[in-house]
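K.L.:
here is my input; please provide its structure:
(2 chains)
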Amino acid sequence: MTLRAALLLLLTLVSTAFPASGQQPGVTDKEILIGSSNSFSGPLAFTGEQITKFGVDLYFKVINDAGGIHGRTIRTIYYDDGYRPQDAVANTKKLVEQDRIFAVIIPQGSPPVVATLDYLEENKVPLLFPYQSSPVTRSKRYVFQGMTLSDRSSKMMIDYLAGPRKLKKFAALYQDDEYGKSFLTAFEKDLGRFGLKLVAAESVKRGVTDVSAQIAKLQAAKPQVTFLVLVPGPAAQALRERQKIGWTGTLMVSTGPLTDERYLALAGDAAEGVEGLSLWPDPLLSDLAGVRLYREHMQKHFPKNEPNRYSIAGYFAGMLFAEGAKRAGRNLTRDSLVAALESIKGYESGILPPLTIGADHETQKQGFWVRVEKGRFKPLTDWLKSE
Amino acid sequence: MTTAALVHVVVSGLATGSIYALMAISLVIIYNATRTLNFAQGEILMVSTFVGWTAMQVLRAPLVVVLIVAVAAAAGLGWALERLVIRHAISATHFDVLIITLGLSLMLRSAAGLVWTHDEFPFPSLFGNRPLAIGPVRLAPVSLGIIGASLALMLALYALFRWTRMGRAMRAVAQNQRAARLMGISVERVYSGSWVLAAVVGAVAGVLIAPVVFLSSKMGLVAINGFTAAVLGGFGSMPGAVVGGMLLGVLENLAPLYLPSSIKHSVPFLVMITILLVRPSGLLGRVARRKV
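P.N.:
All right, here's what the predicted structure looks like:
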């Protein structure tokens, strides 16, 4: 290659990487472009598909059919990272630098999201409602956390179990990554307030074939409660393993991200009696106005897709983005979106309790207690508080 | 740790190990005949299990039919891959063929994702999940069933290699391809036969393990453990593959009982490295000496 050609190439690369300032990326007269790196393969493929294509996109279909937001329709773009942090980083850079999206919406999984956090914050790209639970996303200028964070979940779970339920011996089976560890740290801290500690904690690697050793070790510690901080596949394996050895003396409790009928279907009758913290009202049976509307929209656009807690989370994320973009007005910029979201007070979604976004930038702080009866989670309490 | 718990964990490890052993055997069958590694072995297992499962969804077929459909699908897939792809690379180096099979594995996994999505599905088991109590020991029928079925299949394979013309031809080709050809054995038929046989063994392993790890496009990754098992036992040796698989399954389960769980996945490899240092050809392998 001649020197001139090389220089020309360099120039083209530089000019596409740093476009003229002043123009807001991802926003044109007619369109807003947002997207994320997500799991469309790997252990969370089902969740990824549901929160994006059947959740966020479902809500945007409704918005776009009604004329969009201030004359702009919303378009989304997603890439698959298979729950691998390195792929999430590459995808996110591609979205920001090549596709030039306006904001990142609902990327999934603690390890992938945490890996992209600094990059997005430095480049002032809004990271909206990540579907993960590590508290490192709290109180960042351009981040609005989606799912209830692990420290809040842990507080509600332990306050409830060690409080009214008067249970004393706790153990945990956790995934050996940021997701598992952020819960483990929070459990230790909250149990400490009751003068308790975990009697056993066993880790599970992703893609495991056999969890019998971990379950045997947990059983030997005789806990009254065993927390499952896992993704659906291994969690269902753990429940079946417990059934295999006939271990009935412990209450299995699933964390928020896990609490959906999906993993119950994998575990079959081994899931009966499992309890958990649900972050979303029952998507199939709740008669809350927002949930009924969500079901109507799902029935209209994706009649074959059964409502679940994942697609409703994505639907809610789409709803919050639309609310922020509406409030920001026609002159939509990344900073005006942040200001608009910060102005949300007592917002009625009809799905979750009234939402006020404070300095911590968290959009979800509650959950309620459920128990599995005949393959579905039945509510046992009203919304629990984490503040 | 009580003895009862220990017994359960070891039996569970033997069940997983049986699957590793079947995967190792299927890798070794193809390796012995063609001297190449088939990296698509796990994906053949996955696709044929999915085909069997689809038959169940569509026809409401019982599990025995599912097994037959999966085996037939595997045989067809193994034959087609060998005949349509690998055969054309017969004069290529082993390394080229290895890369081709790696490509096939990626293609099969993506295709499965398109057809069946990358989701996980529950898969019915031939054996129950509720424990049988034998004294203080509790054993799951599913573990015993996997071990029993695997051993039966291994015996059938032994008989096939020992007493059938095809089996003898396969062993002859494995020992010396040129001599086998001079004796009138069709090496091409042995190539085909070995791919079909390996795929069928994989399909049985798939139907056995799917109720435990669930049916998904990524279940083919179990072939990696099969590869480790084959190396542990001495690559090329059938008894070695069985011993290697069982050993790997039990080790994987015993390690986290006495060591932190996070070490579970490195112990088998530490053991493998140690064994290879002491016996470079694996536990039951023979050192291949080539005359120059």
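
K.L.:
switch to C-alpha atoms for all contacts and neighbour counts from now on
P.N.:
OK.

K.L.:
on contacts alone, who are the packing partners of the longest helix anywhere in chain B?
P.N.:
Counting by DSSP state H, the longest helix found in chain B is helix B:3-34. In terms of contacts (3 or more CA pairs under 8 Å, 6 or more residues apart in numbering or on different chains; DSSP states H and E), helix B:3-34 is packed against helix A:212-220, helix B:41-59, strand B:137-139, helix B:141-163, helix B:165-175, helix B:187-213, helix B:222-233, helix B:238-258.

K.L.:
check which helices and strands the host helix or strand of residue A:185 sits against.
P.N.:
Using DSSP states H and E, residue A:185 falls within helix A:178-193. When contacts are defined as 3+ CA pairs under 8 Å, 6+ apart, helix A:178-193 packs onto helix A:110-122, helix A:150-162, strand A:170-175, strand A:198-204, strand A:225-229.

K.L.:
try 7 Å this time
P.N.:
If contacts are counted by 3 or more CA pairs under 7 Å, 6 or more residues apart in numbering or on different chains; DSSP states H and E, helix A:178-193 sits against helix A:110-122, helix A:150-162.

K.L.:
residues of the longest helix of chain B that come out buried?
P.N.:
B:4-6, B:8-34 (16 or more other CA atoms under 10 Å in any protein chain shown).

K.L.:
can I get the helix holding residue A:185 in CSV, CA atoms only?
P.N.:
What follows is helix A:178-193 as a C-alpha-only set of coordinates in CSV (Å, rounded to 0.1, in the frame of the first residue of the first chain):
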residue,chain,number,x,y,z
GLU,A,178,-19.9,-11.1,39.6
TYR,A,179,-23.7,-12.0,39.8
GLY,A,180,-23.1,-14.7,42.5
LYS,A,181,-20.5,-12.8,44.5
SER,A,182,-22.4,-9.6,44.7
PHE,A,183,-25.2,-11.5,46.4
LEU,A,184,-22.9,-13.4,48.6
THR,A,185,-21.3,-10.2,50.0
ALA,A,186,-24.8,-8.8,50.6
PHE,A,187,-26.0,-12.0,52.4
GLU,A,188,-23.0,-11.9,54.7
LYS,A,189,-23.7,-8.3,55.6
ASP,A,190,-27.4,-8.6,56.2
LEU,A,191,-27.1,-11.8,58.2
GLY,A,192,-24.5,-10.0,60.3
ARG,A,193,-27.2,-7.6,61.4
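
K.L.:
ok, back up a step: now for the helices and strands packed on helix B:3-34, which one comes closest to residue A:383?
P.N.:
helix A:212-220 (30.2 Å; CA to CA).

K.L.:
just give the nearest non-adjacent residue to residue 70, would you?
P.N.:
All of this is about chain A. Computed as CA to CA, 6 or more residues apart in numbering or on different chains, the closest residue to residue A:70 that is not its neighbour in sequence is residue A:330, at 5.7 Å.

K.L.:
my question was about chain B
P.N.:
For residue B:70, the spatially nearest residue (CA to CA, 6+ apart) is residue B:52, at 4.4 Å.

K.L.:
isn't the one you found right up against residue B:69?
P.N.:
Yes - counting by CA atoms under 7 Å, residue B:69 is a contact partner of residue B:52 at 5.1 Å.

K.L.:
for the two, indicate the residue with more neighbours.
P.N.:
residue B:52 (26 against 23; other CA atoms under 10 Å in any protein chain shown).

K.L.:
residue contacts, that one?
P.N.:
By CA atoms under 7 Å, 6 or more residues apart in numbering or on different chains, residue B:52 lies in contact with B:66, B:67, B:69, B:70.

K.L.:
do that again at 10 Å, thanks
P.N.:
Listed by CA atoms under 10 Å, 6 or more residues apart in numbering or on different chains, the contact set of residue B:52 reads B:61, B:63-74, B:203, B:206-207.

K.L.:
among the residues you listed, which ones are in helices?
P.N.:
B:63-74, B:203, B:206-207.

K.L.:
what's near enough to touch residue 169?
P.N.:
All of this refers to chain A. Per CA under 10 Å, 6+ apart, neighbours of residue A:169: A:162, A:191, A:196-200, A:221-226, A:250.

K.L.:
can you look at chain B instead?
P.N.:
Applying CA under 10 Å, 6+ apart, the residues near residue B:169 are B:33, B:161, B:175, B:177, B:180-181, B:183-187, B:189-190.

K.L.:
tell me the pLDDT of it.
P.N.:
Predicted confidence (pLDDT) for residue B:169: 92.

K.L.:
same thing with the one 10 residues further on?
P.N.:
Turning to residue B:179, the model gives it a pLDDT of 91.

K.L.:
quick check: it vs residue B:93, distance?
P.N.:
20 Å (CA to CA, to the nearest Å).

K.L.:
what does residue A:110 give?
P.N.:
Counting by CA to CA, the gap from residue A:110 to residue B:93 is 43 Å.

K.L.:
ok, these two, which is more surrounded?
P.N.:
Comparing residue A:110 with residue B:93 by other CA under 10 Å, the one with more neighbours is residue A:110, at 23 against 10.

K.L.:
tell me the contacts of the more buried one?
P.N.:
By CA under 10 Å, 6+ apart, the neighbours of residue A:110 are A:83, A:85, A:130-137, A:177-180, A:182.

K.L.:
for it, which non-adjacent residue is closest in space?
P.N.:
residue A:132 (4.9 Å).

K.L.:
looking at the stretch 251-387 of chain A, which residue is nearest chain B?
P.N.:
residue A:266 (4.9 Å; CA to the nearest CA).

K.L.:
now do the phi/psi pair for that residue.
P.N.:
phi -70, psi -40 (degrees, to the nearest 10).

K.L.:
residue B:122 versus that one, what's the distance?
P.N.:
5 Å.

K.L.:
what is in contact with the two at once?
P.N.:
With CA under 10 Å, 6+ apart as the test, residue A:266 and residue B:122 both reach A:233, A:236, B:211, B:213, B:214, B:215.

K.L.:
report the contact partners of the fifth one.
P.N.:
For residue B:214, the set of contacting residues under the criterion of CA under 10 Å, 6+ apart consists of A:209, A:233-234, A:236-237, A:266-267, B:119-124, B:206.

K.L.:
try 7 Å
P.N.:
B:120, B:121, B:122, B:123 are the contacts of residue B:214 under CA under 7 Å, 6+ apart.

K.L.:
farthest pair in those residues?
P.N.:
B:120 and B:123 (9.4 Å).

K.L.:
for residue B:26, give its distance to residue B:241.
P.N.:
9 Å.

K.L.:
what's the answer for residue B:177, then?
P.N.:
Applying CA to CA to residue B:177 and residue B:241 gives a distance of 22 Å.

K.L.:
neighbour count for those two, which is higher?
P.N.:
Neighbour totals were compared for residue B:177 and residue B:241, and residue B:241 leads with 35 against 19 (other CA under 10 Å).

K.L.:
what's the distance between residue B:255 and residue A:221?
P.N.:
Residue B:255 is 18 Å from residue A:221, by CA to CA.
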